[in-house]
Structure formats: C-alpha cells, structure tokens
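**Student:** sequence below, structure please.
(chains A and B)
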Amino acid sequence: MPAPVSFVSRPTGVGHARLGQLTTPHGTIDTPAFMPVGTQASVKSLTPGDLRTVGAQVILANTYHLSLRPGHDRIARLGGLHRFMSWDGPILTDSGGFQVFSLAHLGTVDEDGVTFASHLDGSTQRLTPERAVAIQEALGSDIAMAFDQLIDATAPRDEIAAAMERTHRWAARCIEARSRESQALFGIVQGGVAPELRRQSVAAITAMPFDGIAVGGLSVGETKQEMRDSLDATADALGDDPRVRYLMGVGAPPDFFTAVERGIDLFDCVLPTRVARNGQFWTTDGKLNLRNAVHLDDPGPTDPDCPCETCRDYSRAYLAHLFRARELLAYRLASVHNLTYTLGLMRSIRGALADGSFASLRDAVAAKYGERRGEAE
RNA sequence: GGGUAGGUUGAGCAGGUGGUGAGCUCCGCUGACUGUAGAUCAGCCGUCUUCGACUGUGGGGGUUCGAUUCCCUCCCUGCCCA
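**Tutor:** A predicted model of the protein is given here:
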C-alpha cells in the first residue's frame, strides 16, 4: 500500500528552511505553501476556478462545521468532499480541535472528548478523537488532522501541560482509529509558549507514525517573541525528522518568514480572506484599507504590481464604492486579490530560498508590514 | 385665504405638558481581525483645552428665579377645505 502522501525536501542553507514538494492523491504542493481556508467547503466568495487562478494548490476545510451542516454522511453519499464542492485539488481537513478552543464557552472537555452545544441550533454534540477521524474519513480529505486540545497560552502551566498530555493521548487514539490507507494523518504539537513543553510535545508526537507534523496553539494571542521561541524549540526538537511541517493558523505576511526560516513547510490562515471581506488589501507596499475615504476618487489599481483580476480591471475608487455599497462583488474581488498576494508571496519565498535572497525579501516585507510596538525584536 | 399636524445634533426618530434633551438607528470617520459562530466587531460621529466643560429643541419677543415646555408673532413643511 503506497503512502497517502509523500514529502521530499532539501535544505536551503537559510536557517532550518527547506524547499519541498508534498504529493497527495489529488496533486502536488510546492512548499513552503499556503492553504486558503474554506471552512464550510467554500473559501468564502470564491469558486474553485478562482482558487486555481489565484494559485491555490491545496485548501483547508473543517470537520466540525461540515459534520453539523450538511453532515459528513451526506457528503460521503454525494461522492465525497472533492466532488461535493467541485475542487479536485488536495484538501486538508481540520479536526475540530480549534473549535474546542474558539467555542470553549459552549462546551466542556473531558478525557474521552468534548461535549458542546452546536453553535447552529444548540443541540448537544460530541467530538472525540475516534469521531473526528471517522468524520474526516467520510469527507474524504487528502490530509486529516489529529484531534487536539488547544488552550490559552496565558493559562496556568499545569493546565497547559495537562492539555498537551491529553493531546498526546488523543493523538494515539487517532492513529488507532484510522481505517483509510489513502488518507494522510498529521499529528499536532502543543505545549503553549513554554519551550520545554514544546520539546516534550514534539518528542511525543514524532514518536507516532503520523504522515506530517503540525504545530498548533500558536497565533492565539501570544507575542511574536513567544511565537519565535516556540518555533525555535520546535525546530530544535524536530531535528532531521523528514516529515512535512505545518504551522496551523498562521499567518500575516511577516509570520511566514519567521516560520519558514524555522523549518515550516505549510501554513493555513483565515486572515487574508477575512481581512479582505473587511476591506483590508495586502500589497507589495503594505496594508491598505479600501473603505477609507481617501480612495474614493482614486482611479488607480490597488497594487500596480499585482497581476490579479482585481488589480488588472478595477480601480481603488470602484472597490471603495463596492465596500460602501456592501456589494457582494467587493468580497470576491478583495479575496481574489489577497489570496493572489499571499500565494504570490509564498512563491516569492520559494524563489528567494532557491536564489539566496530570502533575507532581503524578509526584511522588505517586514518593513512594509511592521510588527506591532512592543513585539519587535 | 381658513383649518390642522408638525419643525430636536447630516438623515430618520425617541424624549421632554416650568428645574439633568448629546439617547437610538442609519449615514459618515477610524481601527481591529491569525487551524472562520466573523460580508464581523470596536471606538468616534455639535464645539472645546475631552476622567470634564460649553452650546444646542425653526427665528424673534414675552411671562418667570428658571422656558424645549406657557403666551405673542414670524418663517418653513405635510394634509384637509376654499
């Protein structure tokens, strides 16, 4: 039986950064890569054709949301998630672990799993490692994620350690529960922002036969320095582990560089699409909010250097109008642009790793997307 | 011309029948957003020296210690009649 995914990579001489290719049953992904988030089997406002056009090679969908609506069994009956949403590229499904965190006030965690009230209708729902794996197998994603427990990084250390250890036990149960050889399963490292906990977690997760290693529990309110320290500890602990490395929930443009030079190969984040719907455009010159009055009479493109449909065909004035009028086209054009930018940035990062210009690209992006006061190095 | 109902901060309103009208919703301005309960949320939105102060209820006048309120007059708007 062939492995569900294969990952080949080579070092670049830039810190722990690697260049690689992740091959899945639905296609190959050049890494470092960014995965647009399509929680409910839709990257909001975009068609699969749009996703191809903006350069997406893989997308993310969500176990929790799709199990509640329309139901994973229904999706399975309809031929699986790829056919259901008409995306024939690779799909990674998140396990629902993040919802245990973001919807924590709706539920309670015990050793076996999580019980919570559906955010849709209040009905009681139960998620366990076994059920998270079963749902993801029904969805038929290329890559499934282990069911983990995130926790607030500011929580007491013993609580963070307890959540981490539970995550390890749940990881082992996910391995046991898997029944489909054609679907990859990634384990998730936790441990808050304590480097020694991160090292423990890496040791525990890498000891299991996962197809990839994810780093979870970051970009949830910790400082940039804490994220860097956590990633340093993670990279040290991972050593020469050959598996693909996925930093969950990141990021903003400067974050990609921080993580890539610490060995990360995969990213996902709602940020480019969410901020797009709120009027924020990412450009080679930094952030731009097209709701701002200053753009109302500007006939120029959002980013003259951007090849996307939005920048090619529509002015800042028009986009500013669309946002004020709350026209649906605003959300699509903004999402097309921000994903074009983000995926283009990943392509530039790969190019820079290949030709030795990574540091200058990193510094150029950092200069345009300055980190917040108090979080700079 | 007569009658009638009104005139409150950009718009639409609430309130107020002698003692504190800056309250709401839009619109507008700005910010936030990191494994999506998010086409969302937050702050501001009369002026100023902004933990407060001042001004403000169509204009003018009167009564009163005090008027958005009572009286007179004028202007404007809707409706009805002529």
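**Student:** and A:Ala61, helix, strand or coil?
**Tutor:** strand (DSSP: H, G, I helix; E, B strand; the rest coil).
**Student:** isn't it up against A:Ser141?
**Tutor:** Yes: between A:Ala61 and A:Ser141 a contact is recorded at 6.8 Å, counting by C-beta atoms under 8 Å. C-beta coordinates here come from the backbone N, C-alpha and C atoms, glycine included.
**Student:** ok, now which ones touch A:Val275?
**Tutor:** Counting by C-beta atoms under 8 Å, 6 or more residues apart in numbering, A:Val275 touches A:Trp282, A:Asn338.
**Student:** that older thread, identify the contacts common to A:Ala61 and A:Ser141.
**Tutor:** In contact with both A:Ala61 and A:Ser141: A:Leu81, A:Ile91, A:Leu92, A:Thr93, using C-beta under 8 Å, 6+ apart.
**Student:** whatever residue of the stretch 1-150 of chain A ends up closest to RNA strand B - how many residues pack around it?
**Tutor:** With C-beta to the nearest atom of the strand, the shortest gap between the stretch 1-150 of chain A and RNA strand B falls at A:His119, namely 2.9 Å. Applying other C-beta atoms under 10 Å, we find 14 residues neighbouring A:His119.
**Student:** what's the pLDDT at it?
**Tutor:** According to the per-residue confidence, A:His119 scores 93 in pLDDT.
**Student:** related to what we said a few turns ago, what's the closest of the shared contacts of A:Ala61 and A:Ser141 to A:Ala367?
**Tutor:** Checking these against A:Ala367 by C-beta to C-beta gives A:Leu92 as the nearest, at 31.9 Å.
**Student:** which residues of the stretch 151-300 of chain A lie near RNA strand B?
**Tutor:** Counting by C-beta under 7 Å from any atom of the strand, the residues of the stretch 151-300 of chain A lying close to RNA strand B are A:188, A:190, A:214, A:216-217, A:219-220, A:248-252, A:255, A:268-271, A:273-275, A:277-280, A:287, A:289, A:291-294, A:296.
**Student:** would you list the buried entries among those?
**Tutor:** Among these, those classed as buried by 16 or more other C-beta atoms under 10 Å are A:188, A:190, A:214, A:216-217, A:219-220, A:248-252, A:255, A:268-269, A:271, A:273, A:275, A:277, A:279-280.
**Student:** SS state for the nearest residue to A:Ser315 once chain neighbours are set aside?
**Tutor:** In this structure, A:Ser315 finds its nearest non-sequential neighbour in A:Pro299, 4.8 Å apart by C-beta to C-beta, 6 or more residues apart in numbering. Assigned with three-state DSSP, A:Pro299 falls in the coil class.
**Student:** who are the contact partners of A:Pro299?
**Tutor:** Counting by C-beta under 8 Å, 6+ apart, A:Pro299 has contacts A:Ser315, A:Arg316, A:Ala317.
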